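Participant: Following is a predicted model, sequence given first.
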Amino acid sequence: MPTPAQTPPPTRSAPAQTSPGPAPAPAPAAPRLGRATLLAVCACVLVAQSMVAAINLLIPQLGASSLHPSASEIMWTVDAYVIAFAGLLIPAGAAADRYGRKGALLTGLALFAAGSAVSALATTPGLLIAGRAVCGTGAALITPATLSILVHLTPGGARRAQALASWTLALGLGGALGNLGGGLAGQFLTWRALFWAMVPLAALLALAVAYAVPRTPRTDRGNPDPLGTLLVTTALVAILFGIIEGPQFGWASPRIIGAFVLGALLAAAFTRHALRARAPLFDPRVFRSARLRAATLGTAAGFFGLFALFFLNSQYLQGIKGYGAALTGFAIMPVTVGMALAPKFAARWQARPRPVVTVGLALIGLGLLGASTAGPHTPYGIYVIWLLVISFGTGTCMPALTIGVVGSLPAHQAGLGSGLGTAAREVGAAVGVAVAGTVLAGAGADFGAGMASGLRLVGVVVLACAVPVFLGYRRRDDA
């Protein structure tokens, strides 16, 4: 029987093929931190910090210069930079977050170069002081912008810790190299040469930033808050004025008491304004964080000790040991050794910052107490041992303290966090120099006794500050 023909199963028609459109472009990769970027931003902050200390060794030459400045004008030449620098750090950091960190950094370098040129060309003390203030304004833009850039280019963890350790090292190197540069200019060149050198240096740094530093996302959550900016800036300036001028006018003089009272009233007014404003410059309630308070205090205490040492070291080596200005600048350089080496060891305990910051501050305090025993016949090799103890303490605790301040705020406020931390550094440094200067002046002609008393007092204060810092880094926050 014939087999019936089998009909093939019906076939489904293939769906109509549509020509594929262009593939969507992949999202651009977030910029990451490269070596060139790290070197550029660290060089910027090093130069900005160096001008805090560089002028100190040029005071004798300035006093004998053709400008014929008075003692008060010399003092303001030194202090104008610090007051503008520290007073503008917080609003400058917030502005960098809102308007662009790379732009703020380039603007700061331009102001730094312009202020240096004005200082180098100054024909009157007033112009020199104005140039220093413009330089300090540039530094206020440079410093928080650099740290904020590093925070945004590092994902966190070990990489961020290493980057912030390099940034902290640059701050410390800036103080030491500033002493060296000021000493060399004071002994072999003129005070104008120091300022002229800053102009092409700032231009080279601006080229490096333009080439190597990527732009980071701006934040639209910030607020210019002009009233808050005015209040917090004038409060800081008033307090800094009182701290810096206290040794000259007397701590109980009406001028100094008035400066402190004005600063306190302005700070209270800012706090009231910020608590009521819809979008304040920053919310003062961030200081409810025990870690932020502890990290801010530890940062201020560390620079309080370090800059008191810088001030008394130059007096000791020149006035007692008889060193020249250039040799004095070289003699402080061992303080950079521990700052460079210690962070590599401290990084192993980055997840447990409490012992790191406590041990670091303790080393600074003990090193200052040891340095207080130096006298006219103390070998330089013995003195260097205490410098190394202080430098290892600084290198141990400062990176962790920096992370403690910046990490206590959201990432979009990294510039503001940097401004808060750097303001703590500069206020601590100003207090350290003021306290050391007051004790030294009280000793009269007996400089050796004044130096010993000053270093002992500063060392004890740093050790005392280590206690609340230890308590503020609660164990439950260490993870």
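Facilitator: Great, that's in hand.
Participant: Flag the shaky bits of this protein, pLDDT-wise.
Facilitator: 1-33, 71-72, 155-158, 217-224, 281, 344, 346-351, 408-417, 443-445, 475-479 (pLDDT under 70).
Participant: So in it, which helix runs the longest?
Facilitator: helix 157-188 (DSSP state H).
Participant: G329: what's it in contact with?
Facilitator: L57, N179, L180, G181, G182, G183, L184 (CB atoms under 8 Å, 6 or more residues apart in numbering). In short, each C-beta sits where N, CA and C put it, glycine included.
Participant: biggest separation within these, which pair?
Facilitator: Using CB to CB, the two most remote members of those are N179 and L184, lying 9.8 Å apart.
Participant: So the two - more neighbours on which side?
Facilitator: Taking other CB atoms under 10 Å, N179 and L184 do not tie; N179 has more neighbours (26 against 18).
Participant: Relative to L57, how far out is the more buried one?
Facilitator: Here N179 is placed at a distance of 6 Å from L57 (CB to CB, to the nearest Å).
Participant: Overlap of the contact sets of those two?
Facilitator: S314, T328, G329.
Participant: in which helix or strand would I find the last one?
Facilitator: The reference is to G329. Assigned by DSSP states H and E, G329 belongs to helix 325-331.
Participant: do the same with the first one
Facilitator: Using DSSP H and E, S314 falls within helix 290-315.
Participant: For that helix, buried residues please.
Facilitator: Residues 291-315 are the ones in helix 290-315 that count as buried (16 or more other CB atoms under 10 Å).
Participant: any idea of the angle that helix forms with helix 157-188?
Facilitator: 20 degrees (axes from the mean of the first three to the mean of the last three CA atoms, to 10 degrees).
Participant: just use 104 as the starting number from now, easier for me
Facilitator: That works, and once the first residue is 104, the last one we named lands at helix 393-418.
Participant: if I read this right, T336 contacts G190, doesn't it?
Facilitator: Yes. Between T336 and G190 a contact is recorded at 5.3 Å, counting by CB atoms under 8 Å.
Participant: Helices of the stretch 104-253 of the chain, residue ranges please.
Facilitator: Using DSSP state H, counting those that start in this stretch, the helices found in the stretch 104-253 of the chain span residues 138-156, 162-166, 174-202, 204-224, 228-256.
Participant: Figure out which of the ones you listed is closest to A371.
Facilitator: Closest among the helices of the stretch 104-253 of the chain, using CB to CB: helix 174-202, at 16.1 Å.
Participant: The closest one: which residues count as buried?
Facilitator: Buried residues in helix 174-202, counting neighbours by 16+ other CB under 10 Å, are found at 176-201.
Participant: Equivalent analysis for stretch 305-322, please.
Facilitator: A305, L308, A309, A311, V312, V316, T319, T322.
Participant: taking these one by one, which sit in helices?
Facilitator: Per DSSP H, the buried residues of stretch 305-322 map to helices at A305, L308, A309, A311, V312.
Participant: Kindly indicate which of these lies nearest M501.
Facilitator: Proximity of those to M501 (CB to CB) peaks at L308, which lies at 22.7 Å.
Participant: Just confirm that closest one contacts L209, I think it does.
Facilitator: No. The criterion here is CB under 8 Å, and L308 misses it with L209 at 9.4 Å.
Participant: ok, the residue nearest the centre of the chain to G432 distance?
Facilitator: Closest to where the C-alpha atoms of the chain average out (CA atoms, centre = their mean) is T525, at 4.0 Å. Computed as CB to CB, the T525 to G432 distance reads 24 Å.
Participant: cool, L149 as well?
Facilitator: 15 Å.
Participant: L231 now?
Facilitator: Distance of L231 to G432, given as CB to CB: 22 Å.
Participant: What are the phi and psi values at H171?
Facilitator: Main-chain torsions, H171, degrees, to the nearest 10: phi 50, psi 50.
Participant: ok, it - contacts?
Facilitator: Counted by CB under 8 Å, 6+ apart, H171 has contacts P228.
Participant: how close does it sit to P482?
Facilitator: Computed as CB to CB, the H171 to P482 distance reads 41 Å.
Participant: M436 is in what secondary structure piece?
Facilitator: Judged by DSSP H and E, M436 forms part of no helix or strand.
Participant: need the contact list for it.
Facilitator: Listed by CB under 8 Å, 6+ apart, the contact partners of M436 are A279, L283.
Participant: With G405 instead?
Facilitator: G463, L464, I467, G496, T497, C500, M501, L504, R528, G531, V565.
Participant: measure it to A527 for me?
Facilitator: Counting by CB to CB, the gap from G405 to A527 is 9 Å.
Participant: same deal with L161?
Facilitator: Per CB to CB, L161 is found 27 Å from A527.
Participant: ok, now R455?
Facilitator: 22 Å.
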